[in-house]
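> fold the following and give me the result.
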Amino acid sequence: MRFKGLTKGFFILILFIVTVAFFDVLGPYFSAILWAAILAVIFQPMKTRLRTLLADRNGLASLLTLLIICLIVFTPLAIVASSMAIEFNVVYLKLQHNNTQLPVIFTDAIQHLPQWARNFLADHDLDNAASIQQKLSQFALQGSRYVAGSVFLIGKGTFSFVVGFGVMLYLLFFLLKDGAWLVNLILESLPLSKYVKHHLFMKFAAVARATVKGTVAVAIVQGTLGGIAFWFADIDGSLLWGALMAFLSLIPAVGSAIIWVPAAIYLFATGMLWKGILLVAFFVVVIGLVDNILRPLLVGKDTKMPDYLILIATLGGMEIYGINGFVIGPLIAALFIACWNLLSGRDHQGNSDEIDEDFIEEGKNHSESNG
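Predicted coordinates:
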């Protein structure tokens, strides 16, 4: 069988090679493309409403949506990041100038350890406040030297981040503006039945939207409550620790515990028993309820996946893809389940999800206007 002078098999080989090469070219901006696509999916309904209000001015509606995204998403992130940098600098300066009570606290805590643990710490010269303070100062000094010696790499990383962020914003605008046309083009190109294509696309959109919105909501709630709890417990750097808890809450079930468990141990070791007990009770009850009730409600309900699968997919995704994995992992798991449900017949034309007709019509109108 010939395909415009070439065998079909050879053409498929060329198509495969070109596709692999194309994705390899896009590789350096994988994160920018991923987040542009996810944000376009999340904010597409807003753009549609703005387009209706602006008398079908698609470009203006897309630009306004992009500005709103910058205002409600990126501006708060920049403020929190700058505040974290300031608090981290304060903690670093305290370590560098020996202006911290941590060695004394650690020394007091050593007295409650079993003998074998105290012997181990004594062998490594970590059983008195002076030696601990000296090691902390050395660590801070080595850190400053490392940063000074890595100025070029830090500058290169900052430049790459700025370029990637610019690429994401640029691509996000066009995905908002031409997203319906691109989706319609992809759907027409896929050699699958209409209901299968619609079902898989809707599953992708639903999981991406639910994972990001649900995870971000849980992170904000846990970080805010955790920061407030640390502030009431009079722990320095409550904003920094709250932001770290928000970040670590991306890991379901155990994320924020990485921060508050050592804080509780610190309170118990310094004799502040009631503060320690109240802190543990607060995080176990309140933060535990947030993670065990709010996360399944916001994430599991829309993804239609059990909690244990979301946990495993999130951890596996973050192990392979880094921070992007908290979205990619559940996405792959959801598409895996959707494909097998379609193959088994559990999902079929009678119960599959369909893309909104207005969205499809927008893509067709865009195609006709450019055609």
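> where does the protein dip in pLDDT?
1-6, 80, 83-158, 236-237, 251-255, 269-270, 292, 295-303, 358-371 (pLDDT under 70).
> what about the strands in it?
Assigned by DSSP state E, the chain shows strands spanning 2-3, 6-7.
> okay, now residue 207: neighbour count?
When neighbours are counted by other CB atoms under 10 Å, residue 207 registers 26. Placement of C-beta: from N, CA and C, glycine included.
> ok, for it, nearest residue in space, not its chain neighbours?
The shortest distance from residue 207 to any non-neighbouring residue, by CB to CB, 6 or more residues apart in numbering, is to residue 334 (4.2 Å).
> list the contacts of the one you found.
Contacts for residue 334 were tallied using CB atoms under 8 Å, 6 or more residues apart in numbering; they are 203-204, 206-207, 303-305.
> what do you get for residue 224?
Neighbours of residue 224 in contact, by CB under 8 Å, 6+ apart: 242, 246.
> now do it against residue 249, distance only.
Using CB to CB, to the nearest Å, residue 224 is found at 11 Å from residue 249.
> please name the residues that touch residue 347.
Per CB under 8 Å, 6+ apart, neighbours of residue 347: 199, 338, 341.
> swap the cut-off to 10 Å and go again
Counting by CB atoms under 10 Å, 6 or more residues apart in numbering, residue 347 touches 195-196, 199-200, 203, 337-341, 353.
> report the buried members of those.
Neighbour-count burial (16 or more other CB atoms under 10 Å) applied to the contacts of residue 347 gives 195-196, 199-200, 203, 337-338, 341.
> quick check, nearest of those to residue 312?
Lowest distance from residue 312 to those (CB to CB) belongs to residue 337, with 12.8 Å.
> could you find the closest non-adjacent residue to that closest one?
residue 305 (6.9 Å).
> if I look at that neighbour, how far off is residue 315?
14 Å.
> and for residue 210?
18 Å.
> do the same with residue 229
With CB to CB as the criterion, residue 229 and residue 315 are 26 Å apart.
> so which of those two has more stuff around it?
A side-by-side neighbour count of residue 229 and residue 315, using other CB under 10 Å, places residue 229 first with 22 against 18.
> contacts only, for that one.
235, 238, 241-242, 245, 260, 263, 278-279, 282-283, 286-287.
> what about residue 323, neighbour count?
So residue 323, with other CB under 10 Å, has 12 neighbours.
> that one reaches residue 247, doesn't it?
Yes: taking contacts as CB atoms under 10 Å, residue 323 lies within contact range of residue 247: 8.8 Å.
> wait, residue 278 sits on residue 230?
No: using CB under 10 Å, residue 278 is not in contact with residue 230, being 11.9 Å away.
> quick one: which of these two has more around it?
Of the pair residue 278 and residue 230, residue 230 is the one with more neighbours under other CB under 10 Å, namely 22 against 16.
> next up, the contacts around the more buried one.
So residue 230 contacts 236-242, 245, 259-260, 263, 279 (CB under 10 Å, 6+ apart).
> need those residues in CSV (columns: distance to residue 214 and neighbour count).
What follows is the contacts of residue 230, written out as CSV (distance: CB to CB, whole Å; neighbours: other CB atoms under 10 Å):
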residue, distance to residue 214, neighbour count
236, 31, 14
237, 28, 19
238, 25, 18
239, 24, 16
240, 25, 21
241, 23, 24
242, 19, 26
245, 17, 27
259, 21, 24
260, 21, 23
263, 26, 21
279, 26, 24
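> could you dump these into TSV and include distance to residue 216?
Below are these laid out as TSV (distance: CB to CB, whole Å):
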residue	distance to residue 216
236	27
237	23
238	21
239	18
240	19
241	19
242	15
245	14
259	18
260	20
263	24
279	25
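> return the member of the residues you listed nearest to residue 14.
Looking across these and measuring by CB to CB, the closest to residue 14 is residue 245, at 50.5 Å.
> re earlier: how close does the residue nearest to residue 207 sit to residue 305?
With CB to CB as the criterion, residue 334 and residue 305 are 6 Å apart.
> which neighbours do those two share?
Counting by CB under 10 Å, 6+ apart, the common neighbours of residue 334 and residue 305 are 207, 210-211, 313.
> closest to residue 163 among those?
residue 211 (26.2 Å).
> can you count the residues close to the closest one?
Other residues close to residue 211 by other CB under 10 Å number 27.
> quick check: the gap between residue 312 and residue 192.
Taking CB to CB, one finds residue 312 at 28 Å from residue 192.
> can you check residue 12 too?
Residue 12 is 16 Å from residue 192, by CB to CB.
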